[in-house]
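Asks: Build me a model from this:
(chains A, B, C and D)
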Number of protein chains: 2
Amino acid sequence: MRKAPRTDCAIDAAMSVIEGRWKTVIICILAKNGAPMRFNQLISRIDGISPRIFTLQLKELESDGIIFRNVRSTSPKCVEYSLTDKGNSLLPILAQLAEWGLQHMFPNMVVFEGEADSESEKATV
Amino acid sequence: MRKAPRTDCAIDAAMSVIEGRWKTVIICILAKNGAPMRFNQLISRIDGISPRIFTLQLKELESDGIIFRNVRSTSPKCVEYSLTDKGNSLLPILAQLAEWGLQHMFPNMVVFEGEADSESEKATV
DNA sequence: GGGCCTACTATCACATTTGATAGTACAAAT
DNA sequence: ATTTGTACTATCAAATGTGATAGTAGGCCC
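Replies: I've put the predicted structure just below:
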């Protein structure tokens, strides 16, 4: 699915892995969940994605070695997706991207740490 | 040029700024150069880009506040591009992306530190 | 044996991004 | 008046990415 990196540039190579409308979303949901997730379980957590696109993104992530697809022979067969070590190694970088995004793209956003005041403006990430 | 972030997700917002075929390339060249660069000076360092695309990428980077466009009234007027503070704040993240790319996408690549041996395999980044 | 659950795939269409090529606009130098 | 250097823009085309919708396939349950 994924061709060779478009250049011999390391950044481009890394970007080509995380580019894609829903890839970081999928990675983040899997990371937060901490355990493998099934197709329907995962897609139901993503608002506005169609099964075709979802499948495409999963396949690219799999062929890039970011997620692992495990077919389990349960009653109705089910397929579990989980982050590989390579996928997990992306998490610190994605966390930094998120922090950068918060600071530079949503400068007025309030991030809660601990209890909220009824006076303070509310915002979520 | 650039619309609002496609979601309220901080990572998506950050990604929307660095996505684009040549954006990280431009940022890296400006960072390495350390000084403002003119249009022709910059484009001549990028292999295979057409002036139209180059202009588009510059405009998006400018409207996202990553680079600064400064028109100087010299003999033939010239335009200088440089990284803003916001642009510079991306550099640590891009460095991490590059390192990740090196480790995971080019596992056999040799990176030189110091003098090279005539025996050792050569590679560049 | 019909419906349900699982995980998808097929088809078509649209939007966005990237590209090659040629040409423009303006000032300065000759 | 023509050429040079600067920084682009216009036009057309192709490639790539994203989407909605419906349908498929196989096993289990009753």
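Asks: Based on its surroundings, how many neighbours for the residue in chain A positioned nearest to DNA strand D?
Replies: Ranked by Cβ to the nearest atom of the strand, the top residue of chain A for proximity to DNA strand D is residue A:21, at 3.1 Å. Quick note: C-beta positions are derived from backbone N, CA and C, even for glycine. Residue A:21 is flanked by 15 other residues according to other Cβ atoms under 10 Å in any protein chain shown.
Asks: How is it assigned, secondary-structure-wise?
Replies: With DSSP: H, G, I helix; E, B strand; the rest coil as the basis, residue A:21 sits in coil.
Asks: what about it, distance to residue A:109?
Replies: With distances taken as Cβ to Cβ, to the nearest Å, residue A:21 is found 22 Å from residue A:109.
Asks: residue boundaries of the strands in chain A?
Replies: A:37-38, A:67-72, A:78-83 (DSSP state E).
Asks: now the helices: where do they sit in chain A?
Replies: Counting by DSSP state H, chain A has these helices, from start to end: A:10-18, A:23-33, A:39-43, A:51-63, A:85-88, A:91-105.
Asks: Could you check the angle the first one makes with helix B:91-105?
Replies: This points to helix A:10-18. Following axes from the mean of the first three to the mean of the last three Cα atoms, to 10 degrees, one obtains 80 degrees for the angle between helix A:10-18 and helix B:91-105.
Asks: tell me which parts of chain A are close to DNA strand D?
Replies: Within chain A, the positions adjacent to DNA strand D are A:19-22, A:48-53, A:56-57, A:75-77 by Cβ under 7 Å from any atom of the strand.
Asks: sorry, back to before: from the helices of chain A, which stretch is densest packed?
Replies: helix A:10-18 (a mean of 23; mean count of other Cβ atoms under 10 Å in any protein chain shown).
Asks: Tell me the helices and strands packed up against that helix.
Replies: helix A:23-33, helix B:23-33, helix B:91-105 (3 or more Cβ pairs under 8 Å, 6 or more residues apart in numbering or on different chains; DSSP states H and E).
Asks: how about that helix against DNA strand C, any contact?
Replies: No: Helix A:10-18 does not reach DNA strand C (Cβ under 7 Å from any atom of the strand); its nearest approach is 10.0 Å.
Asks: ok, now stretch A:31-43?
Replies: Yes: for stretch A:31-43, a contact with DNA strand C is found by Cβ under 7 Å from any atom of the strand, at A:38-41.
Asks: Pick out the most distant pair among these.
Replies: A:39 and A:41 (7.1 Å; Cβ to Cβ).
Asks: Any regions of chain A where pLDDT drops low?
Replies: Counting by pLDDT under 70, chain A has low-confidence residues at A:1-8, A:112-125.
Asks: Distance-wise, check the spatially most central residue of chain A relative to DNA strand C.
Replies: Centroid-nearest residue in chain A: residue A:27, 2.2 Å away (criterion: Cα atoms, centre = their mean). According to Cβ to the nearest atom of the strand, to the nearest Å, residue A:27 and DNA strand C sit 17 Å apart.
Asks: what's the distance between that residue and residue B:66?
Replies: Counting by Cβ to Cβ, the gap from residue A:27 to residue B:66 is 24 Å.
Asks: who in chain A is up against DNA strand C?
Replies: So chain A meets DNA strand C at A:38-41, A:50-52, A:55, A:69, A:76-80 (Cβ under 7 Å from any atom of the strand).
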